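**Q** Dropping the sequence and predicted coords here.
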Amino acid sequence: MVKSVVIDEFLALPGPVLDVRSPSEYAQGHIPGAISFPLFSDDERAQVGICYKHQGRDAAVELGFDLAGPKFGAMIRQATAIAPNRTVRVHCWRGGMRSGGVAWVLEMGGFHVTTLEGGYKAFRRWVRRSVVTPRPIIVLGGMTGTDKTQVLHALADQGESIIDLEALAHHRGSSYGGLDMPPQPSTEQFENQIAIAWDDLPRTRPVWLEAESRRIGICRIPEELFQQMEAAPTVEITRPIEERLEILVRIYGTTDRDALITATERIRKRLGGQRTQAAVEHLRAGRLHDAFAIVLDYYDRTYRYDLERRQKTIPQVDVAGMTAPEVARQLRQWAAHTLGLATLA
């Protein structure tokens, strides 16, 4: 017998999650880890919707069975390949007929099926509740090229809780941030991923987050989380400019030169025509160090202006010459001394 449960229980249960909404609905946003398992294509969903509007529910149900019925055998075979133990979780948009229909088919095929009360809409309400939940946060700041992301992951390796917002957004947060990265998710999906990560972390330690603007590329940080970040204690790591340039060359050394030039041209108005042209010429000649030296001047000025605008004094930790694991250990000592946090082994 198909069982229907609320979102917290649904997320905790075993078995793959089958999202039976249309492909475009799934692409807009889905439960992280869920598998697209559409009952209808986008066109078929539109046909059923139009039928419902003009001819009523009964006619739409009949059309739905006409469209979906021939797929039932293939759906059982596909689900068996996904879940050989025949235990799955299924949801649609509102926990209605699509998930109910697929659950019925799979149950007839010998599956143990659990559906989600309220469907994906219930999950989205859970997302909003999750990101609004206050948690202790430490924000890691630093100018471009200080290797903050590597330090963040070194903190995780040493037992600290982190969320890598840039990894979830598939973007490093600057004009160059999307280079060598997968396509960005929608803001809705970005929120979904943050909520799952937020909920999975232990409550016993603060969460380390990299300092970000409200937007990371096209993805917008949930306002509730951003406000928590703004109010959280922040520490800035500093490095000599030569170290920062070496780090940037390491990150972008194999990046397509034309892509680097395009990213540089995007900040022409802020960088200035002459400096942009000089940076582009360095890039064309393969002199990444010299090109980034020009670009860093703009990003450093922007960074300092933002600090002045916010009128926020941020403690600094000089990490010159340190590897990411060494910086992480230094930051944990700083947190223990300054914030009174117990150190981990």
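**A** Perfect, I can see it now.

**Q** hey, let's count contacts and neighbours off CA atoms from now on
**A** Fine.

**Q** Against W93, how distant is the residue of the chain most remote from its centre?
**A** Most distant from the centre of the chain: Q55, at 41.4 Å, with distances by C-alpha atoms, centre = their mean. According to C-alpha to C-alpha, to the nearest Å, Q55 stands 22 Å off from W93.

**Q** domain assignment for the chain?
**A** Structural domains assigned to the chain are 3-128, 133-259+298-338, following automatic domain parsing.

**Q** Let me have the ones you listed in a markdown table, extended by distance to A278.
**A** What follows is the domains of the chain, written out as a markdown table (distance: least, C-alpha to C-alpha, whole Å):
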| stretch | distance to A278 |
| --- | --- |
| domain 3-128 | 40 |
| domain 133-259+298-338 | 14 |
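
**Q** Now do the residue farthest from the centre of the chain against V48, distance only.
**A** The spacing between Q55 and V48, counted by C-alpha to C-alpha, is 10 Å.

**Q** what about I162, which SS state?
**A** The local conformation at I162, judged by DSSP: H, G, I helix; E, B strand; the rest coil, is strand.

**Q** Setting the sequence-adjacent residues aside, check what's closest to it.
**A** W208 (4.6 Å; C-alpha to C-alpha, 6 or more residues apart in numbering).

**Q** quick one: contacts for Q28?
**A** S186, E188, Q189 (C-alpha atoms under 8 Å, 6 or more residues apart in numbering).

**Q** need the next SSE after the helix or strand harbouring the second one, C-terminal direction.
**A** Taking DSSP states H and E as the definition, one finds E188 inside helix 187-200. Where DSSP H and E defines the elements, the next helix or strand beyond helix 187-200 is strand 207-210.

**Q** strand partners of that next one, parallel vs antiparallel please.
**A** strand 137-141 (parallel), strand 161-163 (parallel) (DSSP bridges).

**Q** Extract the C-alpha set from the longest one and format it as PDB.
**A** Spelled out, it's strand 137-141. C-alpha atoms of strand 137-141 as PDB (Å, rounded to 0.1, in the frame of the first residue of the first chain):
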ATOM      1  CA  ILE A 137      28.100  31.700  11.500                       C
ATOM      2  CA  ILE A 138      31.600  32.800  10.900                       C
ATOM      3  CA  VAL A 139      32.300  34.700   7.600                       C
ATOM      4  CA  LEU A 140      35.600  34.300   5.900                       C
ATOM      5  CA  GLY A 141      36.600  37.400   4.000                       C
END
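
**Q** what mean pLDDT does stretch 78-86 have?
**A** Averaged over stretch 78-86, pLDDT sits at 97.

**Q** Can you give me the first-to-last residue distance of it?
**A** Here the two ends of stretch 78-86 are set 11 Å apart, with distance taken as C-alpha to C-alpha.

**Q** Identify each buried residue in it, please.
**A** Across stretch 78-86, burial judged by 16 or more other C-alpha atoms under 10 Å covers A79, T80, I82, R86.

**Q** Which members of those residues are the farthest-apart pair?
**A** I82 and R86 (8.6 Å; C-alpha to C-alpha).

**Q** mind checking which of the domains of the chain is nearest K269?
**A** The nearest among these, by C-alpha to C-alpha, is domain 133-259+298-338 at 10.9 Å.

**Q** Quick one: distance of that closest one to the chain centre.
**A** Centroid separation for domain 133-259+298-338 versus its chain: 13 Å, with C-alpha atoms, centre = their mean, to the nearest Å.

**Q** Could you do stretch 85-93 as well?
**A** Relative to the centre of its chain, stretch 85-93 is centred 24 Å away, using C-alpha atoms, centre = their mean.

**Q** got it, and stretch 75-93?
**A** On C-alpha atoms, centre = their mean, the centre of stretch 75-93 falls 26 Å from the chain's centre.

**Q** next one: stretch 38-54
**A** 30 Å.

**Q** hmm, who's touching that stretch?
**A** By C-alpha under 8 Å, 6+ apart, stretch 38-54 touches 19-24, 58-61, 63-64, 67-68, 98, 102.

**Q** next one: stretch 124-133
**A** I7, E191, N192, I194, A195, I196, W198, D199, P222, E224, L225.

**Q** now with 6 Å?
**A** A195, E224, L225 (C-alpha atoms under 6 Å, 6 or more residues apart in numbering).

**Q** Ok, stretch 109-121 next?
**A** 2-6, 86-95.

**Q** what about 8 Å?
**A** With C-alpha under 8 Å, 6+ apart, stretch 109-121 has contacts from 1-7, 10, 30-31, 76, 86-96, 99-100, 103, 106-107.

**Q** before we move on, what about stretch 237-255?
**A** 140-148, 179-180, 288-289, 292-293, 316-321.

**Q** re earlier: in strands, which of the contacts of stretch 38-54 fall?
**A** Judged by DSSP state E, the contacts of stretch 38-54 include D19 as members of strands.

**Q** related to what we said a few turns ago, for the strands paired with strand 207-210, give me JSON lines that also has distance to L39, mean pLDDT and mean neighbour count.
**A** Output for the strands paired with strand 207-210, formatted as JSON lines (distance: least, C-alpha to C-alpha, whole Å; pLDDT from 0 to 100; neighbours: other C-alpha atoms under 10 Å):
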{"stretch": "strand 137-141", "distance to L39": "41", "mean pLDDT": "95", "mean neighbour count": "21"}
{"stretch": "strand 161-163", "distance to L39": "34", "mean pLDDT": "97", "mean neighbour count": "21"}
